[in-house]
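>>> This is the structure alone, sequence omitted:
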Ligand code: ATP
Ligand code: MG
(Lines give C-alpha, C1' and ligand atoms only; values in the text may rest on other atoms or scores of the structure.)
(Ligands and ions follow the chains in the order given, each with its own letter.)
Protein backbone atom coordinates (compact mmCIF):
# COMPACT_ATOMS: atom_id res chain seq x y z
CA UNK A 1 0.00 0.00 0.00
CA UNK A 2 1.22 3.53 -0.72
CA UNK A 3 2.50 5.22 2.40
CA UNK A 4 0.98 8.46 3.56
CA UNK A 5 3.41 11.39 3.62
CA UNK A 6 3.39 14.54 5.70
CA UNK A 7 1.63 17.62 4.36
CA UNK A 8 3.86 19.71 2.07
CA UNK A 9 5.76 22.39 3.97
CA UNK A 10 5.07 20.78 7.36
CA UNK A 11 8.11 19.12 8.87
CA UNK A 12 8.67 16.50 11.51
CA UNK A 13 11.25 17.27 14.16
CA UNK A 14 13.36 14.14 14.57
CA UNK A 15 15.04 13.19 17.86
CA UNK A 16 18.46 14.02 16.44
CA UNK A 17 17.62 17.70 16.17
CA UNK A 18 15.28 17.93 19.16
CA UNK A 19 18.05 18.85 21.64
CA UNK A 20 18.98 21.92 19.55
CA UNK A 21 15.35 23.00 19.52
CA UNK A 22 14.97 22.39 23.25
CA UNK A 23 18.11 24.42 23.91
CA UNK A 24 16.91 27.38 21.81
CA UNK A 25 13.40 27.29 23.25
CA UNK A 26 14.65 27.06 26.84
CA UNK A 27 17.12 29.92 26.27
CA UNK A 28 14.40 32.21 24.90
CA UNK A 29 11.91 31.41 27.65
CA UNK A 30 14.57 31.98 30.30
CA UNK A 31 15.56 35.39 28.97
CA UNK A 32 11.88 36.36 28.68
CA UNK A 33 11.23 35.52 32.32
CA UNK A 34 14.34 37.43 33.42
CA UNK A 35 12.80 40.58 31.91
CA UNK A 36 9.40 40.04 33.50
CA UNK A 37 7.61 38.62 30.45
CA UNK A 38 5.16 35.87 31.46
CA UNK A 39 3.90 33.01 29.35
CA UNK A 40 0.44 32.99 27.79
CA UNK A 41 -1.03 30.14 25.73
CA UNK A 42 -3.93 30.45 23.35
CA UNK A 43 -5.57 28.13 20.83
CA UNK A 44 -4.17 27.36 17.40
CA UNK A 45 -7.61 28.00 15.84
CA UNK A 46 -9.38 31.32 15.91
CA UNK A 47 -12.34 32.84 14.15
CA UNK A 48 -11.18 33.99 10.72
CA UNK A 49 -12.53 37.47 11.39
CA UNK A 50 -9.83 38.03 14.06
CA UNK A 51 -7.00 37.84 11.54
CA UNK A 52 -8.85 39.78 8.85
CA UNK A 53 -9.48 42.62 11.26
CA UNK A 54 -5.96 42.73 12.70
CA UNK A 55 -3.47 41.74 10.01
CA UNK A 56 -5.47 43.57 7.32
CA UNK A 57 -7.64 42.38 4.42
CA UNK A 58 -5.16 43.25 1.68
CA UNK A 59 -2.02 41.76 3.16
CA UNK A 60 -0.34 38.69 1.62
CA UNK A 61 -1.18 36.67 4.71
CA UNK A 62 -4.92 37.31 4.64
CA UNK A 63 -5.28 37.39 0.86
CA UNK A 64 -3.56 34.14 0.02
CA UNK A 65 -1.74 32.45 2.88
CA UNK A 66 -4.31 31.51 5.52
CA UNK A 67 -5.53 27.98 6.21
CA UNK A 68 -9.21 28.77 6.48
CA UNK A 69 -12.12 26.34 6.62
CA UNK A 70 -15.69 26.12 7.84
CA UNK A 71 -16.34 23.93 10.87
CA UNK A 72 -19.33 21.57 10.93
CA UNK A 73 -21.54 24.44 11.96
CA UNK A 74 -20.50 26.70 9.10
CA UNK A 75 -18.32 28.95 11.29
CA UNK A 76 -15.22 30.19 9.47
CA UNK A 77 -12.07 29.23 11.37
CA UNK A 78 -8.38 29.85 10.59
CA UNK A 79 -5.19 28.18 11.74
CA UNK A 80 -3.30 31.07 13.28
CA UNK A 81 -0.75 32.61 10.86
CA UNK A 82 0.86 34.62 13.67
CA UNK A 83 0.46 35.16 17.41
CA UNK A 84 -0.12 38.85 18.07
CA UNK A 85 -3.80 38.89 17.07
CA UNK A 86 -4.59 35.88 19.27
CA UNK A 87 -2.54 37.32 22.12
CA UNK A 88 -4.50 40.58 22.01
CA UNK A 89 -7.77 38.66 21.75
CA UNK A 90 -6.94 36.47 24.75
CA UNK A 91 -5.55 39.29 26.90
CA UNK A 92 -8.59 41.46 26.18
CA UNK A 93 -11.08 38.63 26.69
CA UNK A 94 -9.69 37.91 30.17
CA UNK A 95 -9.35 41.52 31.27
CA UNK A 96 -5.53 41.46 31.34
CA UNK A 97 -5.34 44.86 29.68
CA UNK A 98 -7.75 46.66 31.97
CA UNK A 99 -5.94 49.50 33.81
CA UNK A 100 -2.64 47.64 33.91
CA UNK A 101 0.48 46.89 31.95
CA UNK A 102 1.33 43.40 30.73
CA UNK A 103 4.45 41.76 29.38
CA UNK A 104 3.64 38.42 27.77
CA UNK A 105 5.43 35.75 25.75
CA UNK A 106 4.09 32.81 23.78
CA UNK A 107 5.40 30.08 21.57
CA UNK A 108 3.96 27.54 19.17
CA UNK A 109 3.24 26.58 15.58
CA UNK A 110 1.96 29.09 13.01
CA UNK A 111 0.49 28.27 9.61
CA UNK A 112 0.87 30.05 6.28
CA UNK A 113 0.27 28.71 2.81
CA UNK A 114 3.58 29.89 1.33
CA UNK A 115 6.00 28.33 -1.14
CA UNK A 116 8.10 25.98 1.01
CA UNK A 117 11.87 26.51 0.84
CA UNK A 118 14.85 26.79 3.16
CA UNK A 119 13.74 28.80 6.19
CA UNK A 120 10.17 29.06 4.90
CA UNK A 121 7.57 26.47 5.81
CA UNK A 122 3.81 26.13 5.94
CA UNK A 123 3.87 25.08 9.55
CA UNK A 124 6.62 27.00 11.32
CA UNK A 125 7.24 27.96 14.93
CA UNK A 126 7.53 31.31 16.56
CA UNK A 127 8.38 32.78 19.91
CA UNK A 128 6.63 36.08 20.47
CA UNK A 129 6.84 38.91 23.01
CA UNK A 130 4.13 41.51 23.56
CA UNK A 131 4.19 44.46 25.97
CA UNK A 132 0.89 46.29 26.58
CA UNK A 133 0.00 49.58 28.17
CA UNK A 134 3.37 51.33 27.89
CA UNK A 135 3.49 54.25 25.50
CA UNK A 136 7.10 55.42 25.63
CA UNK A 137 10.13 54.29 23.67
CA UNK A 138 11.74 52.91 26.85
CA UNK A 139 9.86 49.63 26.47
CA UNK A 140 10.75 49.45 22.74
CA UNK A 141 14.39 49.90 23.73
CA UNK A 142 14.24 47.32 26.51
CA UNK A 143 12.69 44.78 24.13
CA UNK A 144 15.55 45.27 21.65
CA UNK A 145 18.17 45.16 24.41
CA UNK A 146 16.62 41.91 25.69
CA UNK A 147 16.84 40.44 22.18
CA UNK A 148 20.49 41.45 21.92
CA UNK A 149 21.17 39.67 25.21
CA UNK A 150 19.42 36.58 23.86
CA UNK A 151 21.52 36.63 20.66
CA UNK A 152 24.68 37.06 22.73
CA UNK A 153 23.78 34.10 24.94
CA UNK A 154 22.99 31.98 21.90
CA UNK A 155 26.32 32.99 20.33
CA UNK A 156 24.88 34.70 17.24
CA UNK A 157 25.05 38.41 18.13
CA UNK A 158 27.90 39.08 15.68
CA UNK A 159 25.92 37.53 12.84
CA UNK A 160 22.67 39.45 13.12
CA UNK A 161 22.07 43.10 12.32
CA UNK A 162 19.33 45.24 13.84
CA UNK A 163 17.44 47.34 11.31
CA UNK A 164 15.05 50.00 12.54
CA UNK A 165 12.51 52.27 10.95
CA UNK A 166 9.87 54.75 12.00
CA UNK A 167 6.54 54.21 10.23
CA UNK A 168 4.83 57.12 11.96
CA UNK A 169 1.09 57.27 12.58
CA UNK A 170 -1.42 55.74 10.22
CA UNK A 171 -2.33 59.27 9.07
CA UNK A 172 1.26 60.02 8.10
CA UNK A 173 1.49 56.69 6.36
CA UNK A 174 -1.74 57.31 4.43
CA UNK A 175 -0.44 60.63 3.10
CA UNK A 176 2.86 59.03 2.14
CA UNK A 177 1.10 56.07 0.54
CA UNK A 178 -1.01 58.35 -1.66
CA UNK A 179 2.05 60.23 -2.95
CA UNK A 180 4.06 57.04 -3.40
CA UNK A 181 1.28 55.43 -5.43
CA UNK A 182 1.00 58.53 -7.62
CA UNK A 183 4.76 58.54 -8.27
CA UNK A 184 4.89 54.81 -9.03
CA UNK A 185 1.73 54.78 -11.13
CA UNK A 186 3.32 57.26 -13.50
CA UNK A 187 6.21 54.81 -13.87
CA UNK A 188 4.23 51.56 -13.63
CA UNK A 189 5.82 50.10 -16.77
CA UNK A 190 9.22 50.15 -15.03
CA UNK A 191 7.95 48.16 -12.01
CA UNK A 192 8.38 44.41 -11.62
CA UNK A 193 5.19 42.38 -11.83
CA UNK A 194 4.82 41.74 -8.09
CA UNK A 195 5.23 45.41 -7.29
CA UNK A 196 2.73 46.40 -9.97
CA UNK A 197 0.15 44.15 -8.33
CA UNK A 198 1.00 45.64 -4.93
CA UNK A 199 0.43 49.15 -6.28
CA UNK A 200 -3.30 48.57 -5.83
CA UNK A 201 -3.22 46.16 -2.88
CA UNK A 202 -0.37 47.00 -0.51
CA UNK A 203 1.86 49.71 -2.01
CA UNK A 204 4.12 50.16 1.05
CA UNK A 205 5.36 46.61 0.57
CA UNK A 206 6.94 47.76 -2.71
CA UNK A 207 9.60 49.51 -0.60
CA UNK A 208 10.59 46.04 0.54
CA UNK A 209 11.03 44.70 -3.03
CA UNK A 210 14.22 42.77 -3.67
CA UNK A 211 14.17 43.63 -7.42
CA UNK A 212 17.11 45.99 -8.20
CA UNK A 213 15.30 47.97 -10.92
CA UNK A 214 12.43 48.61 -8.52
CA UNK A 215 14.85 49.70 -5.81
CA UNK A 216 16.46 52.10 -8.33
CA UNK A 217 13.06 53.54 -9.18
CA UNK A 218 12.42 54.09 -5.48
CA UNK A 219 15.54 56.27 -5.17
CA UNK A 220 13.60 59.17 -6.70
CA UNK A 221 10.30 58.39 -4.98
CA UNK A 222 8.72 60.27 -2.06
CA UNK A 223 10.37 59.19 1.15
CA UNK A 224 8.53 58.25 4.33
CA UNK A 225 10.71 60.30 6.74
CA UNK A 226 9.42 63.49 5.05
CA UNK A 227 5.85 62.65 6.08
CA UNK A 228 6.35 61.87 9.74
CA UNK A 229 4.57 63.83 12.46
CA UNK A 230 6.43 65.42 15.37
CA UNK A 231 5.25 62.90 17.93
CA UNK A 232 6.56 59.90 15.97
CA UNK A 233 9.81 61.69 15.33
CA UNK A 234 10.22 62.35 19.05
CA UNK A 235 9.38 58.72 19.88
CA UNK A 236 11.98 57.44 17.45
CA UNK A 237 14.62 59.90 18.68
CA UNK A 238 13.91 58.72 22.22
CA UNK A 239 14.32 55.11 21.21
CA UNK A 240 17.64 55.84 19.49
CA UNK A 241 18.86 57.72 22.55
CA UNK A 242 18.10 54.71 24.81
CA UNK A 243 19.71 52.29 22.38
CA UNK A 244 22.81 54.47 22.02
CA UNK A 245 23.10 54.76 25.80
CA UNK A 246 22.98 50.96 26.04
CA UNK A 247 25.71 50.62 23.41
CA UNK A 248 23.43 48.86 20.94
CA UNK A 249 24.42 48.85 17.28
CA UNK A 250 21.72 49.20 14.63
CA UNK A 251 21.09 50.76 11.27
CA UNK A 252 18.12 52.88 10.30
CA UNK A 253 16.55 51.50 7.12
CA UNK A 254 13.92 53.97 5.85
CA UNK A 255 12.58 51.29 3.47
CA UNK A 256 11.89 48.75 6.17
CA UNK A 257 8.15 47.99 6.19
CA UNK A 258 6.40 44.97 7.62
CA UNK A 259 3.89 42.66 6.00
CA UNK A 260 1.22 43.26 8.62
CA UNK A 261 -1.02 46.30 8.69
CA UNK A 262 -1.15 46.95 12.41
CA UNK A 263 2.31 48.47 12.94
CA UNK A 264 2.90 52.16 13.68
CA UNK A 265 5.97 54.17 14.76
CA UNK A 266 8.80 51.73 15.54
CA UNK A 267 9.37 48.70 13.32
CA UNK A 268 12.46 46.52 13.35
CA UNK A 269 14.02 43.37 12.00
CA UNK A 270 17.04 41.34 13.05
CA UNK A 271 18.62 40.13 9.83
CA UNK A 272 21.43 37.71 9.08
CA UNK A 273 23.32 37.20 5.83
CA UNK A 274 24.09 33.59 6.75
CA UNK A 275 20.79 31.99 5.74
CA UNK A 276 20.39 33.11 2.13
CA UNK A 277 17.17 34.83 1.11
CA UNK A 278 15.27 34.00 4.34
CA UNK A 279 17.46 36.19 6.52
CA UNK A 280 15.01 37.75 8.97
CA UNK A 281 15.20 35.85 12.25
CA UNK A 282 13.09 38.24 14.32
CA UNK A 283 10.72 41.06 13.45
CA UNK A 284 8.38 43.37 15.26
CA UNK A 285 7.34 46.84 16.20
CA UNK A 286 4.73 49.08 17.81
CA UNK A 287 1.06 48.49 17.24
CA UNK A 288 -0.63 51.18 19.29
CA UNK A 289 -3.91 50.94 17.37
CA UNK A 290 -4.51 47.20 17.37
CA UNK A 291 -6.19 46.65 20.72
CA UNK A 292 -8.78 49.33 19.93
CA UNK A 293 -9.19 47.98 16.41
CA UNK A 294 -10.12 44.61 17.95
CA UNK A 295 -12.73 46.18 20.22
CA UNK A 296 -10.71 47.07 23.32
CA UNK A 297 -9.85 50.40 24.91
CA UNK A 298 -6.97 52.29 23.23
CA UNK A 299 -3.85 50.52 24.52
CA UNK A 300 -0.30 51.17 23.35
CA UNK A 301 1.66 48.02 22.58
CA UNK A 302 4.94 46.79 21.18
CA UNK A 303 6.06 43.29 20.33
CA UNK A 304 7.98 40.97 18.09
CA UNK A 305 8.16 37.39 16.87
CA UNK A 306 11.10 35.20 15.99
CA UNK A 307 11.17 32.12 13.81
CA UNK A 308 12.57 29.09 15.64
CA UNK A 309 13.42 27.21 12.43
CA UNK A 310 15.62 30.06 11.24
CA UNK A 311 17.26 30.48 14.64
CA UNK A 312 18.11 26.78 14.90
CA UNK A 313 19.39 26.83 11.29
CA UNK A 314 21.56 29.83 12.11
CA UNK A 315 22.99 28.18 15.23
CA UNK A 316 23.69 25.03 13.25
CA UNK A 317 25.29 27.00 10.41
CA UNK A 318 27.51 28.92 12.81
CA UNK A 319 28.21 25.73 14.81
CA UNK A 320 27.51 27.43 18.12
CA UNK A 321 25.30 24.78 19.71
CA UNK A 322 27.08 23.77 22.94
CA UNK A 323 28.66 20.32 22.80
CA UNK A 324 26.91 19.33 26.01
CA UNK A 325 23.58 19.55 24.15
CA UNK A 326 23.02 16.08 22.77
CA UNK A 327 20.45 13.35 22.67
CA UNK A 328 22.74 10.54 23.88
CA UNK A 329 22.04 8.55 27.02
CA UNK A 330 24.59 8.41 29.83
CA UNK A 331 24.29 4.82 30.90
CA UNK A 332 22.94 1.62 29.31
CA UNK A 333 21.98 -1.21 31.63
CA UNK A 334 22.70 -4.63 30.20
CA UNK A 335 20.76 -7.47 31.86
CA UNK A 336 21.91 -10.99 31.03
CA UNK A 337 20.06 -14.08 32.21
CA UNK A 338 16.99 -14.26 34.40
CA UNK A 339 17.60 -10.87 36.04
CA UNK A 340 15.02 -8.56 34.43
CA UNK A 341 13.18 -7.87 37.67
CA UNK A 342 16.42 -6.95 39.46
CA UNK A 343 17.52 -4.82 36.51
CA UNK A 344 14.31 -2.79 36.53
CA UNK A 345 14.58 -2.34 40.31
CA UNK A 346 18.23 -1.26 40.13
CA UNK A 347 17.41 1.23 37.36
CA UNK A 348 14.65 2.78 39.49
CA UNK A 349 16.99 3.13 42.47
CA UNK A 350 19.57 4.87 40.29
CA UNK A 351 16.98 7.22 38.79
CA UNK A 352 15.85 8.19 42.29
CA UNK A 353 19.41 8.82 43.46
CA UNK A 354 20.60 10.56 40.27
CA UNK A 355 17.66 12.53 38.89
CA UNK A 356 19.66 13.92 35.97
CA UNK A 357 20.93 10.52 34.83
CA UNK A 358 19.82 9.45 31.37
CA UNK A 359 19.57 5.71 31.83
CA UNK A 360 18.28 3.14 29.37
CA UNK A 361 17.56 -0.38 30.57
CA UNK A 362 17.88 -3.09 27.97
CA UNK A 363 14.53 -4.71 27.25
CA UNK A 364 13.75 -8.06 25.70
CA UNK A 365 16.75 -10.15 26.73
CA UNK A 366 19.32 -11.47 24.27
CA UNK A 367 23.00 -12.40 24.46
CA UNK A 368 25.61 -10.36 26.30
CA UNK A 369 27.26 -9.54 22.96
CA UNK A 370 24.10 -8.26 21.28
CA UNK A 371 23.20 -6.17 24.32
CA UNK A 372 26.67 -4.63 24.43
CA UNK A 373 26.30 -3.68 20.77
CA UNK A 374 23.10 -1.84 21.62
CA UNK A 375 24.81 -0.17 24.57
CA UNK A 376 27.55 1.09 22.27
CA UNK A 377 25.07 2.32 19.66
CA UNK A 378 23.07 4.22 22.27
CA UNK A 379 25.98 6.63 22.71
CA UNK A 380 26.19 5.85 26.43
CA UNK A 381 29.39 6.59 28.32
CA UNK A 382 29.09 3.41 30.41
CA UNK A 383 27.40 0.05 30.31
CA UNK A 384 26.12 -1.28 33.60
CA UNK A 385 26.30 -5.04 33.55
CA UNK A 386 23.94 -7.15 35.60
CA UNK A 387 24.13 -10.97 35.35
CA UNK A 388 23.14 -13.74 37.68
CA UNK A 389 26.56 -13.63 39.43
CA UNK A 390 26.23 -9.90 40.08
CA UNK A 391 22.72 -10.39 41.45
CA UNK A 392 23.93 -13.11 43.83
CA UNK A 393 26.76 -10.85 45.08
CA UNK A 394 24.59 -7.67 45.12
CA UNK A 395 27.09 -6.11 42.72
CA UNK A 396 26.99 -4.52 39.28
CA UNK A 397 29.69 -4.16 36.60
CA UNK A 398 30.54 -0.71 35.22
CA UNK A 399 32.22 -0.83 31.83
CA UNK A 400 33.46 2.38 30.15
CA UNK A 401 32.40 2.39 26.49
CA UNK A 402 34.36 5.40 25.25
CA UNK A 403 37.74 4.77 26.88
CA UNK A 404 40.04 1.79 27.31
CA UNK A 405 39.59 1.85 31.11
CA UNK A 406 38.84 -1.59 32.58
CA UNK A 407 35.47 -2.77 33.83
CA UNK A 408 35.00 -2.52 37.59
CA UNK A 409 32.65 -4.34 39.92
CA UNK A 410 30.93 -2.23 42.59
CA UNK A 411 28.38 -2.93 45.31
CA UNK A 412 24.90 -2.07 44.03
CA UNK A 413 24.50 0.23 47.04
CA UNK A 414 27.57 2.17 45.84
CA UNK A 415 26.60 2.21 42.15
CA UNK A 416 25.01 5.68 42.12
CA UNK A 417 28.02 7.21 43.80
CA UNK A 418 30.42 5.48 41.40
CA UNK A 419 28.45 6.54 38.30
CA UNK A 420 28.25 10.11 39.51
CA UNK A 421 32.01 10.20 40.02
CA UNK A 422 32.73 8.68 36.62
CA UNK A 423 30.36 11.03 34.74
CA UNK A 424 31.94 14.08 36.39
CA UNK A 425 35.47 13.04 35.48
P1 LIG B 1 9.42 37.13 5.85
O2 LIG B 1 9.72 38.48 5.32
O3 LIG B 1 10.66 36.32 6.09
O4 LIG B 1 8.37 36.41 5.10
P5 LIG B 1 7.42 38.02 7.66
O6 LIG B 1 7.46 39.46 7.46
O7 LIG B 1 6.34 37.25 7.01
O8 LIG B 1 8.84 37.37 7.30
P9 LIG B 1 6.57 37.90 10.42
O10 LIG B 1 5.19 37.59 10.03
O11 LIG B 1 6.86 39.19 11.06
O12 LIG B 1 7.55 37.68 9.19
O13 LIG B 1 7.15 36.71 11.31
C14 LIG B 1 8.26 36.88 12.19
C15 LIG B 1 9.32 35.83 11.96
O16 LIG B 1 8.76 34.53 11.81
C17 LIG B 1 10.11 36.01 10.68
O18 LIG B 1 11.11 36.94 10.85
C19 LIG B 1 10.67 34.63 10.46
O20 LIG B 1 11.79 34.40 11.31
C21 LIG B 1 9.54 33.76 10.92
N22 LIG B 1 8.72 33.32 9.77
C23 LIG B 1 7.74 33.97 9.13
N24 LIG B 1 7.20 33.24 8.15
C25 LIG B 1 7.84 32.04 8.18
C26 LIG B 1 7.73 30.83 7.43
N27 LIG B 1 6.82 30.69 6.46
N28 LIG B 1 8.58 29.81 7.73
C29 LIG B 1 9.48 29.93 8.71
N30 LIG B 1 9.64 31.04 9.46
C31 LIG B 1 8.83 32.09 9.21
MG1 MG C 1 6.27 36.53 5.02
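Arrived safely, thanks for sending. Just so it is clear, the structure is predicted and the values come from calculations on it, not from any experiment. Ligands and ions are numbered 1, 2, ... in the order given.

>>> Residues in contact with stretch 296-303: which ones?
Here stretch 296-303 makes contact (C-beta atoms under 8 Å, 6 or more residues apart in numbering) with 84, 87-88, 92, 97-98, 128-135, 139-140, 143, 266, 284-292. Where you see a C-beta, it was placed from the backbone N, CA and C, and this is true even at glycine.

>>> what's the average pLDDT for that stretch?
Stretch 296-303 shows a mean pLDDT of 97.

>>> returning to what we had before: check the contacts of stretch 296-303 for burial and list the buried ones.
84, 87-88, 92, 97, 128-134, 139-140, 143, 266, 284-291 (16 or more other C-beta atoms under 10 Å).

>>> before we move on, the earlier item: return the subset of the contacts of stretch 296-303 lying in helices.
Among the contacts of stretch 296-303, the residues falling in helices (DSSP state H) are 84, 87-88, 92, 139-140, 143, 290-292.

>>> give the contact list for the residue in the stretch 301-425 of the chain that ligand 1 sits nearest to.
Residue of the stretch 301-425 of the chain nearest ligand 1, by C-beta to the nearest ligand atom: residue 307 (2.5 Å). Listed by C-beta under 8 Å, 6+ apart, the contact set of residue 307 reads 119, 124-126, 280-282.

>>> For residue 274, which three-state class applies?
coil (DSSP: H, G, I helix; E, B strand; the rest coil).

>>> Need phi/psi at it.
The phi/psi pair for residue 274 (degrees, to the nearest 10) reads phi -90, psi 0.

>>> Now stretch 264-275: buried residues?
Residues of stretch 264-275 classed as buried: 264-272, 275 (neighbour count, 16+ other C-beta under 10 Å).

>>> whoops, I mixed them up, stretch 170-185
So, applying 16+ other C-beta under 10 Å, buried residues of stretch 170-185: 172-173, 176-177, 180-181, 184.

>>> Show me which of these is closest to residue 110.
Closest approach between the buried residues of stretch 170-185 and residue 110, by C-beta to C-beta: residue 173, at 25.5 Å.

>>> Where does the prediction get shaky in the chain?
By pLDDT under 70, the chain has no low-scoring segment.

>>> ok, the residue nearest the centre of it - contacts?
The chain has residue 308 as the residue nearest its centroid, 3.1 Å off, counting by C-alpha atoms, centre = their mean. Contacts for residue 308 (C-beta under 8 Å, 6+ apart) come out as 21, 24-25, 107, 124-127.

>>> could you show me where the strands are in the stretch 1-150 of the chain, in order?
38-39, 45-47, 67-70, 76-79, 102-111, 123-132 (DSSP state E, counting those that start in this stretch).

>>> For these, state which one has the densest average packing.
Highest mean neighbour count among the strands of the stretch 1-150 of the chain (mean count of other C-beta atoms under 10 Å): strand 123-132, with a mean of 23.

>>> tell me what that one is packed against?
Secondary-structure packing of strand 123-132 (3 or more C-beta pairs under 8 Å, 6 or more residues apart in numbering; DSSP states H and E): helix 18-34, helix 84-93, strand 102-111, helix 137-154, strand 301-307, helix 308-318.

>>> does residue 163 belong to a helix or a strand, and which?
strand 161-166 (DSSP states H and E).

>>> Identify each buried residue in that strand, please.
Buried residues in strand 161-166, counting neighbours by 16+ other C-beta under 10 Å, are found at 162-166.

>>> Tabulate these (CSV), appending distance to residue 404.
Formatted as CSV, these follow (distance: C-beta to C-beta, whole Å):
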residue, distance to residue 404
162, 51
163, 54
164, 57
165, 61
166, 64
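
>>> wait, residue 138 sits on residue 243?
No: using C-beta atoms under 8 Å as the test, residue 138 is too far from residue 243 to be in contact (10.8 Å).

>>> Compare those two and say which one has the larger neighbour count.
residue 243 (20 against 12; other C-beta atoms under 10 Å).

>>> Give me the distance between the spatially closest residue to the more buried one that is not a sequence neighbour and residue 296.
What sits nearest to residue 243 in space, not counting adjacent residues and going by C-beta to C-beta, 6 or more residues apart in numbering, is residue 141, at 5.5 Å. In this view, residue 141 and residue 296 are 25 Å apart by C-beta to C-beta, to the nearest Å.

>>> Now the nearest residue to residue 380 once chain neighbours are set aside. Its backbone dihedrals?
Using C-beta to C-beta, 6+ apart and skipping residues adjacent in sequence, the residue nearest residue 380 is residue 332, 4.1 Å away. For residue 332, the backbone dihedrals are phi -120, psi 120 (criterion: degrees, to the nearest 10).

>>> neighbours of residue 332, just the number please.
26.

>>> got a list of what it touches?
359-360, 362, 374-375, 378, 380, 382-384, 401.
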